[in-house]
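S.K.: just need the structure, nothing else, for what follows:
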Amino acid sequence: MDTARLKRSWSLVAEHGDQVPLYFYSTLFLTHPETRQMFPTNMAGQRDRLVTALGHIVSNVDQVDQLVGFLQALGADHRKFAVRAEHYPAVGEALLATLQHFLAGQWTEELGQDWAAAYGLVAQVMMEAAQAAEAVNPPWWMAEIVAHERRAFDVAVLTVRPEYLLPFTPGQSIGVSHPSVRSWRYYSPANAPRVDGTLELHVRAAPGGAVSSRLVYGSAVGDRLQLAAPVGERLALWSAGSSDLLLLAAGTGWAPVKALVEQVAAEGSRRRVDLYVGARSRSEFYDSDAIDKAASSYPWLTVTYVVGTEGNRPGEFVHAVDRALADGDWRSRHVYVCGSDEMVSHAVQTLVRAGYQSGQVHHEGLGRQWYGPAWRTSVEQSGVGEGFDVNERRAR
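M.R.: Now for the predicted structure:
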């Protein structure tokens, strides 16, 4: 298999942009119509993710160690879409047909053999990982909504109870889907594991978001949801050892941070924890009662609210990280950052410029790639169906 030839051919195909996934899915659904039900009704975002994922696979085709973890997580995660071993040949046929179509005269028998071999390896790793995952977790858990609170026009806090225990670590993300929507959205539970197994989800309705809008506006107590296996470790507390913590959160990015605070409380450690919670205006602190309760209950926790648009600073926006660095030097601590892409990007860049090391700054990564965050130890965050948006990318 000539990996250089694979990369060159893919770069030529990728130049055709949106036409590539459009042709691929059209071919797949026409030749194997049974596969259509595994994909969301709105395919716009799905088309982007196909190209991104293929680009990632091809660009790392000669770096097996980096690629295997990505593919294993991909295969295990695909179980929630009811993907079975017999579906892989159908996808392979559609992929080869798409490549041949766009490469036209540059398509050769040797190149076709290279692509067939590459796809065969990809499919094998994914299928083996899916089979192994069957022995550990189900494709999904069914759960009931036992509480639904609208905290703002576009924000709701849900409490859901899985039919049986769904183990997770604070900071991980869990896929959520409403049975009426063929899409998945990843959210981080806003709690450490509880004895009753319930999970607290903070959901902001994203414009055009099928899952998030349904959860905020169209769900009620008694409704049933599907939950996927927990994924991701970038926000896990173990990576900070026993260090003191600086927590920076904005909007529904408070959810995983809330879980971390509960974990610190549960472990009974002697950490010092400083929490800065930011929002554009005071009215957007949708969970202030819980924040204030934590501040008054835990002597090791100090909480500072940061309002982005203060009246005495017209035209200036203050981020949580700006206020934190103005208050002190935290370079002896591990820092956890959760918020929108803009908030996380600004915070990370600011911390790096201030001398903080990458190993002490923890965040989920930026941008969207393909099928969810299960492999975010290998690549940046991804999207599923509606798009990967843990707590809607942690809130605008």
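
S.K.: please enumerate the helices of this structure.
M.R.: Counting by DSSP state H, one finds helices in the chain at the ranges 3-14, 19-31, 44-59, 64-77, 88-103, 109-134, 210-217, 254-267, 288-297, 320-327, 341-353, 391-394.

S.K.: so where's the stretch 151-300 of the chain shaky on pLDDT?
M.R.: Within the stretch 151-300 of the chain, no stretch falls below the threshold (pLDDT under 70).

S.K.: please enumerate the strands of it.
M.R.: Secondary structure of the stretch 151-300 of the chain by DSSP state E, counting those that start in this stretch: the strands cover 155-162, 174-177, 185-187, 199-204, 224-227, 245-250, 273-279.

S.K.: possible to save the ones you listed as TSV with mean neighbour count?
M.R.: (Each C-beta comes from the backbone N, C-alpha and C, glycine too.) What follows is these, written out as TSV (neighbours: other C-beta atoms under 10 Å):
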stretch	mean neighbour count
strand 155-162	21
strand 174-177	26
strand 185-187	29
strand 199-204	25
strand 224-227	19
strand 245-250	28
strand 273-279	24
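
S.K.: just put those strands in JSON lines and tack on distance to Ala94.
M.R.: Shown next, in JSON lines, are the strands of the stretch 151-300 of the chain (distance: least, C-beta to C-beta, whole Å):
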{"stretch": "strand 155-162", "distance to Ala94": "35"}
{"stretch": "strand 174-177", "distance to Ala94": "24"}
{"stretch": "strand 185-187", "distance to Ala94": "26"}
{"stretch": "strand 199-204", "distance to Ala94": "34"}
{"stretch": "strand 224-227", "distance to Ala94": "27"}
{"stretch": "strand 245-250", "distance to Ala94": "41"}
{"stretch": "strand 273-279", "distance to Ala94": "45"}
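
S.K.: pretty sure Arg185 sits against Gly209.
M.R.: Yes. Using C-beta atoms under 8 Å, Arg185 makes contact with Gly209 at a distance of 7.1 Å.

S.K.: how does this structure divide up, domain by domain?
M.R.: 3-134, 237-369 (automatic domain parsing).

S.K.: re the thing from before, lowest mean pLDDT across the helices of the chain, which one is that?
M.R.: Confidence, taken as mean pLDDT, is least for helix 391-394 of the helices of the chain (a mean of 41).

S.K.: ok so, going back, out of the helices of the chain, which is the most enclosed?
M.R.: helix 391-394 (a mean of 28; mean count of other C-beta atoms under 10 Å).

S.K.: got CSV for the helices of the chain, with distance to Asp244 too?
M.R.: Output for the helices of the chain, formatted as CSV (distance: least, C-beta to C-beta, whole Å):
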stretch, distance to Asp244
helix 3-14, 45
helix 19-31, 46
helix 44-59, 36
helix 64-77, 31
helix 88-103, 48
helix 109-134, 36
helix 210-217, 34
helix 254-267, 10
helix 288-297, 16
helix 320-327, 13
helix 341-353, 15
helix 391-394, 23
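
S.K.: so for Met142, which of those helices sits nearest?
M.R.: helix 210-217 (15.5 Å; C-beta to C-beta).

S.K.: chain center to that closest one, what's the gap?
M.R.: When distances are taken as C-alpha atoms, centre = their mean, to the nearest Å, helix 210-217 is centred 17 Å away from the chain's centroid.

S.K.: for stretch 289-297, same thing?
M.R.: On C-alpha atoms, centre = their mean, the centre of stretch 289-297 falls 27 Å from that of its chain.

S.K.: hmm, back to that, and of the domains of the chain, who's closest to Arg224?
M.R.: So among these, domain 3-134 is nearest, using C-beta to C-beta, at 15.1 Å.

S.K.: can you give me the end-to-end span of that closest one?
M.R.: 32 Å (C-alpha to C-alpha, to the nearest Å).

S.K.: next: stretch 199-214.
M.R.: Span of stretch 199-214 from end to end, C-alpha to C-alpha: 18 Å.

S.K.: distance between that stretch and the chain's centre?
M.R.: 13 Å.

S.K.: ok now do Arg331, which residues does it touch?
M.R.: With contacts defined as C-beta atoms under 8 Å, 6 or more residues apart in numbering, Arg331 is in contact with 354-356, 360.

S.K.: and these, which is closest to Val307?
M.R.: Ala354 (22.0 Å).

S.K.: not counting its neighbours along the chain, what's nearest that closest one?
M.R.: In space, Ala354 comes closest to Leu325 once its chain neighbours are excluded; the distance is 5.9 Å by C-beta to C-beta, 6 or more residues apart in numbering.

S.K.: who's in contact with that neighbour?
M.R.: Contacts of Leu325 (C-beta under 8 Å, 6+ apart): 350-351, 354.

S.K.: closest to Thr159 out of those?
M.R.: Leu351 (33.6 Å).

S.K.: quick check: Arg270 vs Val122, distance?
M.R.: 47 Å (C-beta to C-beta, to the nearest Å).

S.K.: again, but for Arg353
M.R.: 40 Å.

S.K.: can you check Ala135 too?
M.R.: 22 Å.

S.K.: which residues are in contact with the residue of the chain most remote from its centre?
M.R.: Computed with C-alpha atoms, centre = their mean, the residue of the chain farthest from its C-alpha average is Gly105, at 39.5 Å. Going by C-beta under 8 Å, 6+ apart, Gly105 touches no other residue.

S.K.: so for it, what's the pLDDT?
M.R.: For Gly105, pLDDT reads 88.

S.K.: likewise for Val83?
M.R.: Per the predicted model, pLDDT is 77 at Val83.

S.K.: I'd like the numbering to begin with 34 instead of 1 from here.
M.R.: All set: I'll call the first residue 34, so the last point we hit is now Val116.

S.K.: surely it touches Met160?
M.R.: No. Look at Val116 against Met160 with C-beta under 8 Å: they stay out of range, at 9.3 Å.

S.K.: closest to Ser275 out of the helices of the chain?
M.R.: helix 287-300 (9.5 Å).

S.K.: quick check: angle from that closest one to strand 278-283?
M.R.: Here the directions of helix 287-300 and strand 278-283 differ by 150 degrees (axes from the mean of the first three to the mean of the last three C-alpha atoms, to 10 degrees).

S.K.: thanks again, I'm all set now.
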